[in-house]
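**Student:** need the 3D shape of this:
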Amino acid sequence: FRYYAPPSLHRLRPAKGPSRGGTLVRLLGARFPEGSQDAAVRVALHGVQLCVPAAVMGEGELRFLTPRFADEGTAVVQVALNGQQYEPAELAFVYVQDRCALC
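**Tutor:** All right, here's what the predicted structure looks like:
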């Protein structure tokens, strides 16, 4: 059992990407314990929740790849430092339709 202080979420860079997913996102904030192997991000759009692993890059940054969604819209992003219990703090990521017809 390991206790983590609740992280503080500040912003996503970028905060928008294609609905096909695969955008590398930097989640900037505070209190991300270095060496955490279980960090995860939950992305929710139109009632669908998908969880993806996150890499802790340092005390103030996580990185993750956005999952694929069929629709565009504004998704809610949350963090779990232990991979299970998601913090109530959230940020918004905007999914847009792919511009490439061959993608």
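**Student:** parallel or antiparallel, list what pairs with the lowest-mean-pLDDT helix or strand in the chain.
**Tutor:** Taking mean pLDDT, DSSP states H and E as the measure, strand 55-58 is the helix or strand of the chain with the lowest mean score, a mean of 94. Using DSSP bridges, strand 55-58 pairs in its sheet with strand 61-65 (antiparallel).
**Student:** what is the helix or strand just after the strand it pairs with packed up against?
**Tutor:** Proceeding C-terminally, strand 61-65 gives way to strand 73-80 as the next helix or strand, assigned by DSSP states H and E. Applying 3 or more C-beta pairs under 8 Å, 6 or more residues apart in numbering; DSSP states H and E, one finds that strand 73-80 contacts strand 8-13, strand 24-30, strand 40-45, strand 91-96. Every C-beta, even on glycine, is put in place using the N, C-alpha and C of the backbone.
**Student:** any idea which of those strands is most buried?
**Tutor:** strand 40-45 (a mean of 20; mean count of other C-beta atoms under 10 Å).
**Student:** angle of that one against strand 8-13?
**Tutor:** 60 degrees (axes from the mean of the first three to the mean of the last three C-alpha atoms, to 10 degrees).
**Student:** return the residues in contact with Tyr95.
**Tutor:** 16-19, 45, 66, 69, 71-75 (C-beta atoms under 8 Å, 6 or more residues apart in numbering).
**Student:** reformat the residues you listed as TSV; add pLDDT and distance to Gly35.
**Tutor:** Compiled in TSV, the contacts of Tyr95 are given as follows (pLDDT from 0 to 100; distance: C-beta to C-beta, whole Å):
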residue	pLDDT	distance to Gly35
Lys16	97	30
Gly17	97	28
Pro18	96	32
Ser19	95	33
Leu45	96	31
Thr66	98	24
Phe69	96	31
Asp71	91	36
Glu72	95	36
Gly73	97	35
Thr74	98	32
Ala75	98	28
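**Student:** how about CSV for those, with distance to Ala30 added?
**Tutor:** Shown next, in CSV, are the contacts of Tyr95 (distance: C-beta to C-beta, whole Å):
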residue, distance to Ala30
Lys16, 23
Gly17, 24
Pro18, 29
Ser19, 30
Leu45, 26
Thr66, 22
Phe69, 28
Asp71, 32
Glu72, 30
Gly73, 28
Thr74, 24
Ala75, 22
